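In: got a predicted structure here, sequence first:
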Amino acid sequence: MTGSTGHPERIAVLGSPGSGKSRFCHLLAHATGLPLFHLDDLYWYPGWQRTPDQEWESVNVRLAAQPAWIIDGNYLDTVPHRVRRADLVVVLDHHPLRCVSRLVGRSMRLRRRGAANAGSEYLPRRLRHGVDPPVRDLSALVRKALGFRNRELAVMRDLLSTVSGEVRFCRSQADCARLLRLLHNVVTASSPVPGLARWQIDSELSPCSCPDPSAGRTPPR
């Protein structure tokens, strides 16, 4: 799972809604120093308007071509662009009912606080300070979480069987913590964790700017 620096430089993170992808990715970015991109930041516009299909395809091609990244998100049709370039693919395969529980809890917190006071809850960048509802469609997310293993994950497994990078399945918080610890140790074995300035990233593809406190935590022990 190594790039040109001896450790992963491109990491794709996949998983069901409610599996904790965004929070895991914040910790992963802190552990590795890699620039983090949330696909939802690039896809959703104010009013929960979608990016047009042709533009979205172009964004994903450009993003996958960058020299270093952590990319958070599924968008099944775009997964091939990322996993074919990734040194490491992480799949958060948590139990569907646990994912649903997280989705419901998160939705309740966001509806109570509103988008402007989301705190550590992830929201797409263009929706953080507007008047749009902070949750677009909870019932659709719940259906996706319940059907993820039989639908999206089944397609992903076929695709992942053909990629050259390493694939890791994390089925629990303990699995996630072990992987974060491993990657942090691999990166720091040869040098300090690099800063974002090290990478030549397309200026139109802005990395994560979330006000998430987990971005400043040390990896779990």
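Out: Cool, the structure landed.

In: identify the residues contacting residue 135.
Out: Applying C-beta atoms under 8 Å, 6 or more residues apart in numbering to residue 135 gives the contacts 106-107, 110-111, 141. Where you see a C-beta, it was placed from the backbone N, CA and C, and this is true even at glycine.

In: centroid-nearest residue for this structure?
Out: When C-alpha atoms, centre = their mean is applied to the chain, the residue found nearest the centroid is residue 72 (1.7 Å).

In: for residue 200, give me its contacts.
Out: Listed by C-beta under 8 Å, 6+ apart, the contact set of residue 200 reads residue 67.

In: just the strands in the chain please.
Out: Applying DSSP state E to the chain gives strands spanning 10-15, 36-38, 44-45, 49-50, 69-72, 88-92, 166-170.

In: and the contacts of residue 135, which is closest to residue 175?
Out: For those, the residue nearest residue 175 by C-beta to C-beta is residue 106; the value is 21.0 Å.

In: ok, now which ones touch that closest one?
Out: 18, 121, 135.

In: redo those as a markdown table? Include distance to residue 49 and pLDDT.
Out: Rendered in a markdown table, the data for the contacts of residue 106 read as follows (distance: C-beta to C-beta, whole Å; pLDDT from 0 to 100):
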| residue | distance to residue 49 | pLDDT |
| --- | --- | --- |
| 18 | 23 | 96 |
| 121 | 21 | 78 |
| 135 | 16 | 82 |
